[in-house]
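Student: 3D, please:
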Amino acid sequence: MTSTAQPAVPEGRKAQPEHLGHVIFITAAAAMGGFLFGYDSSVINGAVEAIRGRYDVGSAILAQVIAIALIGCAIGAATAGRIADRIGRIRVMQIAAVLFIISAIGSALPFALWDLAMWRVFGGIAIGMASVIGPAYIAEVSPPAYRGRLGSFQQAAIVIGIAVSQLVNWGILNLADGNQRGKLAGFEAWQWMLGVMVVPALVYGLLSFVIPESPRFLISVGKVDKAKKVLADVEGKTVDLDARVVEIEEAMHREHKSKFTDLLGGKKGFLPIVWVGIGLSVFQQLVGINVAFYYSSTLWQSVGIDPSSSFFYSFTTSIINIIGTVIAMIFVDRIGRRPLALIGSAGMAVALALEAWAFSAKTAAGTLPTTEGTVALIAAHGFVLFFALSWGVVVWVFLGEMFPNRIRAAALGVAASAQWIANWAITASFPSLSDWNLSGTYVIYMFFALLSIPFVLKFVKETKGKALEEMG
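Tutor: Model (predicted):
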C-alpha cells in the first residue's frame, strides 16, 4: 500500500460495533454453508471403494457418479445470485440446507447407482448455492472495518469442513473394524459416512432462522426500517443510519449489471483479461488438487496401504490444507498474489514429480517399496501444502480484484464456470487415467503445474495495493 493520505472515515464507520460478538456469530452462522461446501465435496472420498464394490462398476462409471455432483455445483452457483435477489439471502441459505439434508439422506440410502448419482446432484446444487451466498451475505452484513477478516471465515470454514469429513470417515471406518462395507446398526459404514452430513446441515438450517436478513436486500425490497435495525446491530448505534441507507441505495443505483456481451472483444472472443481469469481458474484445477480430496483413500489403497491408514492420511492431508490456507491468509497482502502463485507452482511441480517417481515403483502386487512409499506420502502432503498456501487462496483473490468494475460480475461468472468444468474433467478422468498409468497421471499434473509458471509471469498482473477502479 502507498502512504498517500486516505479520505477521512466517519467516526461511526471505523468504530468497533457494540456487539462485535454478535457480528462474529452472524458471520460464523453464514460460513456454515462453507463448512458444508467443504464437507460434502470431500466426504465421498471415504465411500468410493465401497460404492465400487456394492454396485460392481468399473472406473469410468464410478468416476461419473463422483463427478456428477459438479454439474449440480454449476447449476447452484449460476442460479443462487438471482434467487437471492428475488427472495432474500436467508431463504437461499434455507433452500441450500434442505438440499444438503435431502442429499445426505438420499446418498446414504440409495436404491441403485442412478439415484445415488441423483442425490449427488442435489448436494452439488447446495454446494453451488453455498459457494455464492455465503461470501455475498458476509460482505453485506460485515462492518466495513472488519469485512476482510470476517470474509475469510468462508474459506476457513471450507477447509475445516474438508478436514472434519475425513476425520468422521476415519472414525466410522474404525468403528466398522476397517471395513468400508462393514455393518453398523444395520447399515454399511460408507452409508453412515454420507448420512452424517445431516447433522451440520440441520445446524446450518436452524442457524439461518436466528440471523438477520442482509440490509442490502431489505433496502432493495423497501423494508428500510428493518435494514436500519440490522445496520445498528452490526455497525454500531453511533452510525448515521439514514446516511448509510442513502449510501447503499446510491451504490445499488450506480451498479452496472454486467452482461455476457460485455466480455466479448473481437476476433479473440473474450477480452484478454477474461481469458487470463479463465486461465487462472483452469490451472487451479488441472494440477489435480481435487484428486487429493475425492480419491486419496482410493489412491493409497491402490498402492497397498490398508483402508484405516489411508483414511487417516486423508485426514492429515486436510490438516495440512488448513495450515497452508492460514499461511496464505497471512502473506497474501504482505508479499503479493503473484509471488505466492509462483512459489506454489514451483513447489507443486516438485511434489508432483516426486509422487510420479514414487508411483512408478508400484509392484505387480500393487504395493510400493518402503522408500518410495515414504516419498509418496511426504510429497502428497507437500503438494497440498503448496497448493493451499498459493493457488487455493490466491486465485479467488485475483478473480475478485482483477476485472474492471463494469464486467466484474459477468467475468467472475465465466471464470467460475470454467473452474467447475475443469474440476469435473479432472474428477471424471482420474480413475481411468490411474488404471492406465498412475505415475503417468501425475506427470500430466506436474506438466500443468510447470506450465502455470510462464502463464503467471507473462499474463497475470499483480493486484496487491491497487484500487478496484484501477483494474483492467
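Student: what's the closest non-adjacent residue to residue 118?
Tutor: residue 106 (7.3 Å; Cβ to Cβ, 6 or more residues apart in numbering). Every residue, glycine included, has its C-beta placed from N, CA and C.
Student: Can you list the buried residues in the helix or strand containing that neighbour?
Tutor: Using DSSP states H and E, residue 106 sits within helix 89-108. Going by neighbour count (16 or more other Cβ atoms under 10 Å), the buried part of helix 89-108 is 89-97, 99-104, 106-108.
Student: just how off-centre is that helix within its chain?
Tutor: Put simply, helix 89-108 sits 17 Å off its chain's centre (Cα atoms, centre = their mean, to the nearest Å).
Student: Residue 111 in helix, strand or coil?
Tutor: coil (DSSP: H, G, I helix; E, B strand; the rest coil).
Student: Per-residue pLDDT of it, please?
Tutor: Residue 111 is assigned 91 on the pLDDT scale.
Student: That one: how many residues sit nearby?
Tutor: Residue 111 has 8 neighbouring residues, counting by other Cβ atoms under 10 Å.
Student: rewinding a little: now do the same contact list for the residue nearest to residue 118.
Tutor: 115, 116, 118, 119, 122 (Cβ atoms under 8 Å, 6 or more residues apart in numbering).
Student: and it, how far is that from residue 198?
Tutor: Using Cβ to Cβ, to the nearest Å, residue 106 is found at 11 Å from residue 198.
Student: Against residue 72, how distant is the residue nearest to residue 118?
Tutor: Residue 106 sits 12 Å away from residue 72, going by Cβ to Cβ.
Student: and for these two, which residues touch both?
Tutor: The contact lists of residue 106 and residue 72 share residue 122, where a contact means Cβ under 8 Å, 6+ apart.
Student: tally of neighbours for residue 31?
Tutor: 28.
Student: of all the contacts of residue 106, which comes closest to residue 50?
Tutor: residue 116 (11.4 Å; Cβ to Cβ).
Student: Wait, the closest one touches residue 65, no?
Tutor: Yes. Between residue 116 and residue 65 there is a contact at 6.3 Å, judged by Cβ atoms under 8 Å.
Student: Who are the packing partners of the lengthiest helix in the chain?
Tutor: The residue-count maximum for a helix in the chain (DSSP state H) belongs to helix 408-459. Contacts defined by 3 or more Cβ pairs under 8 Å, 6 or more residues apart in numbering; DSSP states H and E place helix 408-459 against helix 59-67, helix 69-87, helix 272-286, helix 289-294, helix 296-302, helix 337-359, helix 391-401.
Student: roughly how far out does it sit from the chain middle?
Tutor: 15 Å.
Student: What of stretch 402-419?
Tutor: Taking Cα atoms, centre = their mean, one finds the center of stretch 402-419 at 17 Å from the center of the full chain.
Student: Make residue 1 into 743 and carry on from there
Tutor: Yes, from this point I'll number from 743; that puts the last item at stretch 1144-1161.
Student: for residue 804, what are its contacts?
Tutor: 790, 793, 794, 1173.
Student: who are the neighbours in contact with the first one?
Tutor: So the one you mean is residue 790. 804, 808, 1036, 1037, 1039, 1040.
Student: Kindly report the same for the second one.
Tutor: Listed by Cβ under 8 Å, 6+ apart, the contact set of residue 793 reads 799, 804, 807, 855, 858, 932.
Student: Please tell me how far it sits from residue 821.
Tutor: In terms of Cβ to Cβ, residue 793 sits 28 Å off from residue 821.
Student: still on that earlier bit, orientation of the helix holding residue 848 relative to helix 811-829 in degrees?
Tutor: Between helix 831-850 and helix 811-829, the angle comes out at 150 degrees (axes from the mean of the first three to the mean of the last three Cα atoms, to 10 degrees).
Student: Report the mean confidence score over helix 831-850.
Tutor: 95.
Student: and if you look at stretch 1103-1122?
Tutor: The model assigns stretch 1103-1122 a mean pLDDT of 87.
Student: That one spans what distance, first to last residue?
Tutor: In stretch 1103-1122, first residue to last residue: 16 Å (Cα to Cα, to the nearest Å).
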